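**Student:** for reference, the sequence and a predicted model appear below.
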Amino acid sequence: MELNICLYNSIIALNGGIMMFNNLKEKRKNVGLTQYKLADLVGLTQSQISKTENGKRNLKNAETIKIAKALNISPEELFFSDEKEG
């Protein structure tokens, strides 16, 4: 799993992170968590969550995994939208 997260983080870095950060905010809101509550669950600050959602901070691999677990989703779901193209 660690290798996959490294690959996804590289993809995010190349794409400016917009897709992932939008997904983070959407997924967080879908489960009814505030930035403060999510930050508390994963050992980050509210400011770090906010910066991540706004594309001003990239997640470390371990943070990505912790956030996915807290949101009860796979790490991939943070990176790829549920929407179908076409």
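**Tutor:** That came in fine, so what should we check first?

**Student:** got any ranges where this protein has weak pLDDT?
**Tutor:** Within the chain, the segments meeting pLDDT under 70 span 1-22, 81-86.

**Student:** now do the helices in the chain.
**Tutor:** 2-14, 18-30, 35-42, 46-53, 61-70, 75-79 (DSSP state H).

**Student:** alpha carbons of the fifth one, as PDB, please.
**Tutor:** Included here for helix 61-70 are C-alpha records, laid out as PDB according to Å, rounded to 0.1, in the frame of the first residue of the first chain:
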ATOM      1  CA  ASN A  61       1.900   9.100   2.900                       C
ATOM      2  CA  ALA A  62       1.100   8.200   6.500                       C
ATOM      3  CA  GLU A  63      -1.300  11.200   6.800                       C
ATOM      4  CA  THR A  64      -3.100  10.000   3.700                       C
ATOM      5  CA  ILE A  65      -3.600   6.600   5.100                       C
ATOM      6  CA  LYS A  66      -4.800   7.900   8.500                       C
ATOM      7  CA  ILE A  67      -7.300  10.300   6.900                       C
ATOM      8  CA  ALA A  68      -8.700   7.600   4.600                       C
ATOM      9  CA  LYS A  69      -9.200   5.400   7.700                       C
ATOM     10  CA  ALA A  70     -10.900   8.200   9.600                       C
END
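
**Student:** just checking, what packs against it?
**Tutor:** helix 2-14, helix 35-42, helix 75-79 (3 or more CB pairs under 8 Å, 6 or more residues apart in numbering; DSSP states H and E). C-betas here are computed from N, CA, C, even on glycine.

**Student:** next, the angle from it to helix 46-53.
**Tutor:** 90 degrees (axes from the mean of the first three to the mean of the last three CA atoms, to 10 degrees).

**Student:** can you offset everything so residue one is 801?
**Tutor:** Understood, numbering begins at 801; the last thing we discussed is helix 861-870.
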